[in-house]
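K.L.:
model this:
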Amino acid sequence: MRAIVRSAALAFLVAALVHADAHDDVMQVFTKMAAALTGESFDGVGARPGNVPEFMSVFSKDFPQYDTLKQMVTALVNGAEVSSSIEPLTEEPGDQTYKIDVDWFMQIRSLVEDGPMVRRRQVIHCQLRKEKKHWKIVSMTPLDFFAPANLGN
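P.N.:
Next up is the predicted model:
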């Protein structure tokens, strides 16, 4: 009986560690996205105004609106200074898929001195899939959250 309890406890511990690692890996995806919007490189090297390739690197090649999202993010970061923060709300981890809803807050400031600022806050729904050793986004809604802001420049 002790062996069964020990085995069950060990299995539970291993499962908890796997899901904790998956959570950390998935949160790194969103950290990378937020850093890319501000122009910071995830590795701390090569900051520039909005890093679209870094932002798009977390999306699967199968992401259906890849080109549309890339155009929106490019226009967003080329027309404004962006800062954002992300907070996980709900998560459904799996072995090869991961569903997560995040509360995403973004400030979009005009590049014009003393220009206007727009604040956005929305729950973003994402599904990720493990591709090789990395989590990639295969579904994300709503995409218009990343549309360029009307700042009246």
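
K.L.:
Report the secondary structure state of Ala149.
P.N.:
In three-state terms, and counting by DSSP: H, G, I helix; E, B strand; the rest coil, Ala149 is coil.

K.L.:
tell me the pLDDT at it?
P.N.:
Per-residue pLDDT puts Ala149 at 87.

K.L.:
quick one: contacts for it?
P.N.:
Ala149 is in contact with Leu76, Gly79, Ala80, Ile108, Val118, Arg120, counting by C-beta atoms under 8 Å, 6 or more residues apart in numbering. All C-beta spots, glycine's among them, are computed from the backbone N, C-alpha and C.

K.L.:
Check Val29 too.
P.N.:
By C-beta under 8 Å, 6+ apart, the contact set of Val29 is Val58, Leu128, Trp135, Ile137.

K.L.:
Where does it fall, secondary structure wise?
P.N.:
helix 2-38 (DSSP states H and E).

K.L.:
Spatially nearest residue to Glu131 (excluding sequence neighbours)?
P.N.:
Ser60 (6.2 Å; C-beta to C-beta, 6 or more residues apart in numbering).

K.L.:
ditto for Gln127
P.N.:
With sequence-adjacent residues excluded and distances taken as C-beta to C-beta, 6+ apart, Gln127 is closest to Ser139, at 4.1 Å.
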